[in-house]
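Visitor: show me the folded form of this:
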Amino acid sequence: MHLSPSHQSTAASAGASTAPSTAGHVPVHVTWPRVPWCAMALGSAAVLLLLAAMGLRWEFAQRHDAMADARTQLRLLPNGAFVKPMVLGYHHVAADLLWLNIVQVLGEREVRQADYEWLFHALDVATTLDPHYVYAYDVGGVVLAELAGRVDWSNALLEKGLAANPEAWRLPFQLGFNAFFHQQDYVRAADYMAIAARLPGRPAYVPELAARLYVEGKQPALALDFLDVMERQTDDVHVLAVLERRKAEVIVERDLTVLEEAVQGYTARVGRGPETFDTLIHSGDLAALPVEPFGGAYRLDSEHGTVVSTTHSNRLRLHHAPDGLITSLR
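Guide: Numbering: from 1, shown residues only. Presented below is the predicted three-dimensional model:
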């Protein structure tokens, strides 16, 4: 049987104790391999880091106020450039542990608006530890824009990710979505979508979206297609709820635009405005009265020739240039 040095020392000592004593005691010397002190220090630090992480996770699971602890630790998190040399090369492990903390808080039913500031900081630290953590850029970009309402933070995180991962098609796609819906910069949105269209792994519909963005601008049909694509790319229930609401708002705007165009067409032809929507349907100017997606109704102001939704007094106002292209969105 092969013996380790400790086993050899024990066996030799045992043998010496049972043999007749014919000479003085001769000590058994064992030669241990020399280990550089720096390797021992790094190994010890790695073990301590692992134990601390395990203890932290156990504490989170055991303590009743675990969520408050997670928020506090993320708020007190140092800058990523300071943290990175402290993890002794275990950048991916540290980024994963930090991501678990982020997900733990985001998984709660309610995230306070004030917590999103540390979330942005924590995402920045995690992606500094692991610049190729594409999933953190992707999900973080959506959460910051759609849930936190901070498109500037979302764009900063996504631009950082795109610089480190120029082949990740989802990052320019998300930037294009932000430019399209939140910033109403349709040329910039099309430029980002064109970048995504050239990257490997992108779905077949991305080049078509890019082409339509350049041509159509902020048309409601394109906006709905864009939202459908975004819904297919996420499984986060909170993000899906925001996207569904945004889709319903676009449908309201589309319906109001169709109804107002029908009123204008009838007025121009007859010389007076319609009294009701039924008048428009009977005249052939309107195929049918659309269903208001929020459960309300559309109302016609026959005196002024305008149409409103009972659930949305403020609307996504589409502005058309003389050539018919939409130029801006309020």
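Visitor: pull the distance from the longest helix along the chain to the chain's centre.
Guide: Using DSSP state H, we find that the single longest helix of the chain is helix 237-270. Distance of helix 237-270 from its chain centroid, counting by Cα atoms, centre = their mean, to the nearest Å, is 28 Å.
Visitor: name the residues of it that are buried.
Guide: For helix 237-270, the neighbour count (16 or more other Cβ atoms under 10 Å) marks 238-239, 242-243, 246-257, 259, 262-263, 265-266 as buried. C-betas here are computed from N, CA, C, even on glycine.
Visitor: likewise stretch 280-292?
Guide: The neighbour-count check on stretch 280-292 (16+ other Cβ under 10 Å) flags 280, 285, 286, 289, 290, 292 as buried.
Visitor: and the first one, how far is that from residue 310?
Guide: Put plainly, it is residue 280. Look at residue 280 and residue 310: by Cβ to Cβ, to the nearest Å, they are 18 Å apart.
Visitor: for the fourth one, same thing?
Guide: Spatial separation of residue 289 from residue 310 under the definition Cβ to Cβ is 13 Å.
Visitor: between these two, which contacts overlap?
Guide: residue 298 (Cβ atoms under 8 Å, 6 or more residues apart in numbering).
Visitor: pLDDT below threshold where in the stretch 151-300 of the chain?
Guide: 215-218 (pLDDT under 70).
Visitor: can you map out the helices along it?
Guide: Shown for the stretch 151-300 of the chain, the helices assigned by DSSP state H, counting those that start in this stretch span residues 151-164, 170-177, 186-197, 205-216, 220-232, 237-270, 277-283.
Visitor: and those helices as TSV, adding distance to residue 116?
Guide: Formatted as TSV, the helices of the stretch 151-300 of the chain follow (distance: least, Cβ to Cβ, whole Å):
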stretch	distance to residue 116
helix 151-164	8
helix 170-177	17
helix 186-197	23
helix 205-216	28
helix 220-232	20
helix 237-270	12
helix 277-283	43
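Visitor: for residue 131, find the nearest of the ones you listed.
Guide: Distance to residue 131, taken as Cβ to Cβ, is lowest for helix 151-164 among the helices of the stretch 151-300 of the chain, at 4.0 Å.
Visitor: the closest one packs against which elements?
Guide: Here helix 151-164 touches helix 115-129, helix 134-142, helix 170-177, going by 3 or more Cβ pairs under 8 Å, 6 or more residues apart in numbering; DSSP states H and E.
Visitor: give me the nearest residue to residue 213, chain neighbours excluded.
Guide: Leaving out its chain neighbours, the residue that sits closest to residue 213 by Cβ to Cβ, 6 or more residues apart in numbering is residue 190, at 3.7 Å.
Visitor: let me see the contact set for residue 154.
Guide: Going by Cβ under 8 Å, 6+ apart, the list of residues near residue 154 reads 140, 141, 142, 144, 145, 148, 174, 178.
Visitor: which of those residues sit farthest apart?
Guide: The two members of these with the most space between them (Cβ to Cβ) are 148 and 174, at 14.2 Å.
Visitor: ok, now which ones touch the residue lying closest to residue 242 once chain neighbours are set aside?
Guide: Leaving aside its chain neighbours, residue 242 sits nearest to residue 146 (4.5 Å; criterion: Cβ to Cβ, 6+ apart). For residue 146, the contacting residues are 239, 242, 243, by Cβ under 8 Å, 6+ apart.
Visitor: just say helix, strand or coil for residue 146.
Guide: Here residue 146 takes the helix state, with states given by DSSP: H, G, I helix; E, B strand; the rest coil.
Visitor: from residue 177, how far off is it?
Guide: Remark: distance between residue 146 and residue 177 (Cβ to Cβ) = 9 Å.
Visitor: swap in residue 261?
Guide: In terms of Cβ to Cβ, residue 261 sits 28 Å off from residue 177.
Visitor: could you do residue 159 as well?
Guide: With Cβ to Cβ as the criterion, residue 159 and residue 177 are 14 Å apart.
Visitor: residue 201 now?
Guide: As for residue 201, its distance to residue 177 is 17 Å (criterion: Cβ to Cβ).
Visitor: likewise for residue 134?
Guide: 16 Å.
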